[in-house]
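>>> I'd like to go over a predicted model; first the sequence, then the structure.
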Amino acid sequence: MIRIGTRAGSIVRYRTQSAIVARCKSSKAAGDEGFVGTKLHHHANTVLALIFPVAFLGSDGDTGLGQGLGVLTAGYVSIHSYIGLNYVITDYVPKFFGKGAVGPVRALTTGLSLMTFVGMSKMALYSPGGIQGVVKGLWTGKPKDESSSQ
């Protein structure tokens, strides 16, 4: 329910607490609800801002440190995207697809985040050069084979 009131001659609209809570049913997959989700999202922002330069510029992806930083990066990227996408789900899915679509979309987001973590961890652990090697490989292209040109 939206109430309209006036304050110092201007119209102020605000939602009551029951309207905010009632817009979406809470679920275990709701990463954006509560103090913990917000705090974890902000923590992930800070860690990612600090760990990316160290992981990509300061370590070799084939060493234990590089692999550990790669898996840590994969975890924080997954957490950050999971919580961020849940904010988007809470805001936009009920408007465009109805309240009933929130649960399935959250489940899809959970699966997507898990696949992101598994895929990036696999890159960090098993790819030559780790995640850094994969990213550098995007710009260097395929190496030319000397034996096929003769």
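That came through, no problem.

>>> Okay, strands next: where are they in this structure?
2-7, 10-15 (DSSP state E).

>>> Now the weakest link among these, please, by mean pLDDT.
Looking at the strands of the chain, the lowest mean pLDDT belongs to strand 10-15 (a mean of 50).

>>> Would you point out the helix or strand in the protein whose mean pLDDT is lowest?
helix 17-22 (a mean of 42; mean pLDDT, DSSP states H and E).

>>> low pLDDT regions in this protein?
For the chain, residues meeting the criterion pLDDT under 70 lie at 1-34, 146-150.

>>> Number of residues surrounding Pro91?
For residue 91 the amino acid is Asp, not Pro. Around Asp91 there are 12 other residues, counting by other Cβ atoms under 10 Å. C-betas here are computed from N, CA, C, even on glycine.

>>> any chance you could map the helices in this structure?
Using DSSP state H, the helices of the chain run over 17-22, 34-57, 64-97, 102-126, 130-140.

>>> ranking those by burial, who's on top?
Comparing the helices of the chain by mean neighbour count (mean count of other Cβ atoms under 10 Å), helix 64-97 ranks first with a mean of 18.

>>> So the residue nearest the centre of the chain versus Asp145, what's the distance?
Centroid-nearest residue in the chain: Ser81, 0.8 Å away (criterion: Cα atoms, centre = their mean). Going from Ser81 to Asp145 by Cβ to Cβ, to the nearest Å gives 37 Å.

>>> residues in contact with the residue nearest to the centre of the chain?
113, 116 (Cβ atoms under 8 Å, 6 or more residues apart in numbering).

>>> any idea how far Lys95 is from it?
Here Ser81 is placed at a distance of 21 Å from Lys95 (Cβ to Cβ).

>>> likewise Val36?
Taking Cβ to Cβ, one finds Val36 at 26 Å from Lys95.

>>> With Asp145 instead?
Noted for Asp145: a distance of 53 Å to Lys95, by Cβ to Cβ.

>>> so who does the nearest residue to His80 once chain neighbours are set aside touch?
Using Cβ to Cβ, 6 or more residues apart in numbering and skipping the chain neighbours, the partner closest in space to His80 is Ala44 (4.1 Å). Contact partners of Ala44, counting by Cβ under 8 Å, 6+ apart, are 76, 79-80, 83.

>>> No further questions, thank you.
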